[in-house]
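Q: this one's sequence-less:
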């Protein structure tokens, strides 16, 4: 993993470049802890040798796991970082492109990077936080009216 912190008038920008074989959810989470970044928006592009995404099953209140057992392009990876119980929590969704041009997507649960994943985390309002929603059991961003 290589990281770089950039300072901008609107907030910090954290650049995380994941190396082949790394598990991106853990690597990004470690970088957020290292730089104490607790509120941000996340974008990334790159590739995975395999991945697992999830679709949230409302009735089961859990993710249905969708394994992706082939090399894919990360066409889009977007999400946020928000504090929950004073810790940064990463929440990202991915759209993955298969060799035939079809796609699969969902909440990124895990993956193995190949050949790289280039992640940009742009810091936003530090008061952004997450609270557990009693209806879903998910930690959701606590915005206006929550």
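A: Sure thing, it's come through. This structure is a prediction, so every number in the text was calculated from the model and none was measured.
Q: what's opposite the residue nearest to the spatial centre of the chain in the beta bridge?
A: When Cα atoms, centre = their mean is applied to the chain, the residue found nearest the centroid is residue 92 (3.1 Å). For residue 92, the beta-bridge partners are residue 79 (DSSP bridges).
Q: go on, residue 45?
A: Applying DSSP bridges, one finds that residue 45 bridges with residue 118.
Q: wait, the residue nearest to the centre of the chain sits on residue 105?
A: No - at 11.0 Å, residue 92 and residue 105 do not qualify as touching, with contact defined as Cβ atoms under 8 Å. The C-beta positions use only the backbone N, C-alpha and C, and glycine is treated the same way.
Q: number of residues surrounding residue 136?
A: 12 (other Cβ atoms under 10 Å).
Q: which SS class is it?
A: The three-state label given to residue 136 by DSSP: H, G, I helix; E, B strand; the rest coil is coil.
Q: before we move on, what about residue 25?
A: Using three-state DSSP as the criterion, the local structure at residue 25 reads helix.
Q: how close does residue 5 sit to residue 37?
A: Between residue 5 and residue 37 the distance is 9 Å, computed by Cβ to Cβ, to the nearest Å.
Q: quick revisit: do you know the pLDDT at the residue nearest to the centre of the chain?
A: At residue 92, the model reports a pLDDT of 98.
Q: what distance do you get for it to residue 104?
A: Remark: distance between residue 92 and residue 104 (Cβ to Cβ) = 15 Å.
Q: the residue nearest to the centre of the chain: what's it in contact with?
A: Applying Cβ atoms under 8 Å, 6 or more residues apart in numbering, we find residue 92 in contact with 25, 28, 42, 44, 77-80, 107-108.
Q: which residues of this protein fall in helices?
A: For the chain, applying DSSP state H gives helices covering 24-34.
Q: where does pLDDT dip in it?
A: Filtered on pLDDT under 70, the chain yields the residue ranges 2, 4, 6-10, 126-128, 143-146.
Q: count the residues that sit near the nearest residue to residue 131 once chain neighbours are set aside.
A: Using Cβ to Cβ, 6 or more residues apart in numbering and skipping the chain neighbours, the partner closest in space to residue 131 is residue 142 (4.6 Å). Here the number of neighbours of residue 142 (other Cβ under 10 Å) works out to 17.
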